[in-house]
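Participant: sequence? don't have it. structure:
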């Protein structure tokens with residue numbers, strides 16, 4: 001026995017026992033951790049159950065204490081150590097979501113209103129899962145949750161969340177992009193759970209749209225988020241686009257109201273290194289007003305009127321008056337909004353033509369269990385949040401379409417169908433909103449750009465305009481509607497401006513439109529002439545508003561597209577101008593009624609825009625289409641109340657007598673200023689978004705008539721400019737006819753009136769200054 005005891009090595013025994021302890025210790029520790037976690041979860045769940053039970057019994061103290069756990073002020077005072085407790089509270093509440101009735105709305109409001117987007121990723125994940133469970137079990141809280149999400153898309157919401165001072169446990173900087181991506185992730189998660197959610201979401205998105213008076217950053221932030229929603233919620237895409245266009249229209253019209261007060265101001269330097277606001281760290285944005293009042297490159301705002309170069313003075317360097325500074329901010333705001341919409345359209349067009357599908361976000365990953373550990377690839381972690389840069393042209397999201405190859409015979413038609421659907425959506429918005437909003441200046445260029453994508457779109461757009469302008473009753477496919485006169489006149493203005501300016505309208509398209517307009521004018525004149533012969537009352541000018549609008553559209557188209565209205569289009573202008581060698585009519589037959597229109601008793605040359613009429617008379621005379629100056633002379637005398645007999649009639653080269661008869665019921669009646677000044681597709685002057693219009697827009701300088709007389713020695717100063725535009729008197733009335741001048745001199749003459757027709761009235765003080773440098777008649 002003694003020998004046995006002595007054979008045992010004490011050191012070996014001690015080492016063996018120590019090794020055993022080292023092996024068992026982790027197991028015992030993990031077990032205790034799990035037991036502690038389970039104990040804490042049970043304790044939180046027990047407290048929640050007790051609070052709800054006590055609330056039902058009329059005792060509010062435990063419930064109020066539970067609500068206070070989600071108070072941002074209480075949470076922020078304890079720092080990041082409070083976040084694990086928040087996750088435990090959410091976990092406990094997830095077991096009783098079906099019991100959260102209306103009597104517990106205070107608790108639900110506290111949870112929904114907490115600035116959860118500012119928290120660490122694990123808490124954000126727990127919050128997202130809990131909200132999904134809450135809405136699935138208690139749909140009555142859906143409006144509350146969606147309203148908070150919609151509010152979170154605003155720029156101001158980030159500042160409000162920052163004021164709550166909730167802790168952020170991540171080491172990565174928290175940018176606005178991270179916050180908005182978290183909101184979009186939650187909304188997509190709810191969409192996957194509740195298919196009928198869009199019907200509840202749409203009015204909430206409209207309600208939270210920033211007021212038009214809010215600054216550019218507030219508008220663009222919310223619009224960017226709305227366009228992101230339209231990507232993963234296609235059910236709302238049309239309504240979201242309509243909402244954004246409606247806001248653009250409101251701002252656009254406001255510019256027109258204020259434009260008469262705008263003087264030319266010097267443009268500021270371009271901010272080349274401007275940081276995307278979504279990439280700024282929350283709390284480090286600085287003073288928002290610093291960038292709101294700066295000018296964009298080429299942001300010379302007076303360019304949007306037809307007197308761009310007429311109001312230069314030494315006051316440019318002075319501080320801008322409040323109304324001018326405000327208007328410049330409004331113009332920049334509209335420019336930014338339209339740029340976002342153009343970018344959105346361009347991305348969709350690129351994706352459709354390259355992949356055959358619309359832009360879609362990445363698939364929504366499955367959320368882990370609410371009590372699990374956050375994955376390093378979770379989209380809720382700031383460092384790996386999907387950078388959904390929809391609004392950076394350099395990084396569009398492209399979703400490969402399964403089973404669709406570009407070489408597929410049906411692929412082209414599918415792409416056209418997708419583009420056609422989007423075009424009809426935009427066309428419907430135009431018909432409901434833009435067409436019926438008088439004097440919008442830039443928003444209509446959205447449809448102008450989209451029609452350039454396909455000749456079919458231009459035909460459809462013109463067909464809709466012709467239907468609205470020429471027919472008093474219109475059909476929407478289901479019902480018949482009476483079209484108001486003002487809408488018909490506006491549609492005629494759109495026809496004239498679109499055919500004149502759009503490069504996508506080819507020669508045949510211009511001829512077809514002119515033919516339809518001339519046929520309408522002829523049909524309108526037939527009963528008027530019959531009444532005049534019988535001594536009947538032909539009515540006042542207001543009763544012929546549509547007639548005058550259509551006539552003005554034809555005059556405008558003729559000024560821009562007269563070369564396309566020739567029977568044969570060969571040679572330069574010098575060859576085309578003048579009589580044909582064999583005496584044949586060189587103009588298309590569809591133009592025949594126009595001569596009758598000009599010489600009719602309705603006298604459109606007196607009613608239509610002075611700029612258009614003057615240039616039409618000049619070109620019609622130069623091309624030997626029509627001689628209008630006798631009628632213009634008679635109109636001028638009638639405007640001054642002259643009772644003298646009209647001058648002796650003239651004839652054109654075809655022997656058509658040109659009468660200057662003015663019906664007694666029309667003498668002395670005021671013209672319609674709105675008709676005279678509405679040219680929907682005037683030159684596009686917005687600094688950022690104008691790149692989308694370049695290349696598809698016909699400038700006046702490209703079609704201006706080259707005169708024969710050589711006046712290259714004329715200078716550009718005021719006195720010599722007046723001399724270069726010396727006029728000859730016809731008869732004793734003193735009607736002044738512009739003499740021929742070279743194309744470069746025309747830049748400050750009548751060509752400017754067509755190159756940038758203003759749709760804004762000018763103050764009388766401005767008119768006086770303009771007349772010193774410009775011999776144009778009736779600039780408006």
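Facilitator: That came in fine, so what should we check first? What you are looking at is a predicted structure, and each value in this text was computed from that prediction instead of being measured.

Participant: Okay, strands next: where are they in this protein?
Facilitator: Ranges of strands within the chain are 473-475, 480-482, 650-651, 657-658, 727-730, 735-738, based on DSSP state E.

Participant: Now do the same contact list for the nearest residue in space to residue 70 that is not next to it in sequence.
Facilitator: Excluding its sequence neighbours, the residue lying closest to residue 70 (CB to CB, 6 or more residues apart in numbering) is residue 110, at 4.2 Å. Every residue, glycine included, has its C-beta placed from N, CA and C. Going by CB atoms under 8 Å, 6 or more residues apart in numbering, residue 110 touches 67, 70-71.

Participant: which one of these sits closest to residue 488?
Facilitator: Ranked by distance to residue 488 (CB to CB), the contacts of residue 110 are led by residue 70 at 58.9 Å.

Participant: and the closest one, how many neighbours?
Facilitator: Neighbour count for residue 70, taken as other CB atoms under 10 Å: 21.

Participant: hmm, back to that, weakest of the strands of the chain by average pLDDT?
Facilitator: Among the strands of the chain, strand 727-730 carries the lowest mean pLDDT, a mean of 35.

Participant: and the gap between the residue nearest to residue 70 and residue 626?
Facilitator: As judged by CB to CB, to the nearest Å, residue 110 and residue 626 stand 78 Å apart.

Participant: now swap in residue 356 and tell me
Facilitator: Using CB to CB, we find residue 356 at a distance of 51 Å from residue 626.

Participant: Tell me which of those two has more neighbours.
Facilitator: residue 626 (23 against 20).

Participant: how about the more buried one, phi and psi?
Facilitator: Torsion angles at residue 626 (phi, psi; degrees, to the nearest 10) stand at phi -160, psi 150.

Participant: Just to check, it is in contact with residue 592?
Facilitator: No - here residue 626 does not reach residue 592: they are 11.4 Å apart, not a contact under CB atoms under 8 Å.

Participant: For the stretch 501-650 of the chain, which segments count as helices?
Facilitator: 507-533, 545-561, 573-576, 592-598, 604-607, 610-622, 629-639 (DSSP state H, counting those that start in this stretch).

Participant: Those helices into a markdown table, with extra columns for distance to residue 120, mean neighbour count and mean pLDDT?
Facilitator: Converted to a markdown table, these look like this (distance: least, CB to CB, whole Å; neighbours: other CB atoms under 10 Å; pLDDT from 0 to 100):
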| stretch | distance to residue 120 | mean neighbour count | mean pLDDT |
| --- | --- | --- | --- |
| helix 507-533 | 61 | 17 | 94 |
| helix 545-561 | 63 | 25 | 96 |
| helix 573-576 | 73 | 12 | 56 |
| helix 592-598 | 74 | 20 | 94 |
| helix 604-607 | 70 | 24 | 92 |
| helix 610-622 | 65 | 22 | 94 |
| helix 629-639 | 77 | 21 | 87 |
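
Participant: These into TSV, with extra columns for distance to residue 482?
Facilitator: TSV is the format used below for these (distance: least, CB to CB, whole Å):
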stretch	distance to residue 482
helix 507-533	18
helix 545-561	13
helix 573-576	43
helix 592-598	26
helix 604-607	24
helix 610-622	29
helix 629-639	33
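
Participant: which one of those helices lies closest to residue 345?
Facilitator: Across these, closest to residue 345 is helix 507-533 (CB to CB), at 22.4 Å.

Participant: and that closest one, what does it pack onto?
Facilitator: Under the contact definition 3 or more CB pairs under 8 Å, 6 or more residues apart in numbering; DSSP states H and E, helix 507-533 sits against helix 455-470, helix 485-501, helix 545-561, helix 592-598.

Participant: Mind listing what's buried along the first one?
Facilitator: Of the residues in helix 455-470, those buried by neighbour count under the rule 16 or more other CB atoms under 10 Å are 457-458, 460-462, 464-466, 468-470.

Participant: Please enumerate residues in contact with that helix?
Facilitator: 420, 423, 427, 431, 435, 447, 450-452, 474, 483, 487-489, 491-492, 494-495, 498-499, 502, 504-506, 509, 513, 516-517, 520, 546, 549-550.

Participant: Give me the average confidence score over it.
Facilitator: On average, the pLDDT along helix 455-470 is 95.

Participant: Now do the helices in the stretch 301-450 of the chain.
Facilitator: 322-355, 411-429, 445-451.

Participant: Switch those over to TSV; also include mean pLDDT, mean neighbour count and distance to residue 180.
Facilitator: TSV is the format used below for these (pLDDT from 0 to 100; neighbours: other CB atoms under 10 Å; distance: least, CB to CB, whole Å):
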stretch	mean pLDDT	mean neighbour count	distance to residue 180
helix 322-355	89	19	15
helix 411-429	89	17	25
helix 445-451	97	24	25
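
Participant: Nice, that's everything, thank you.
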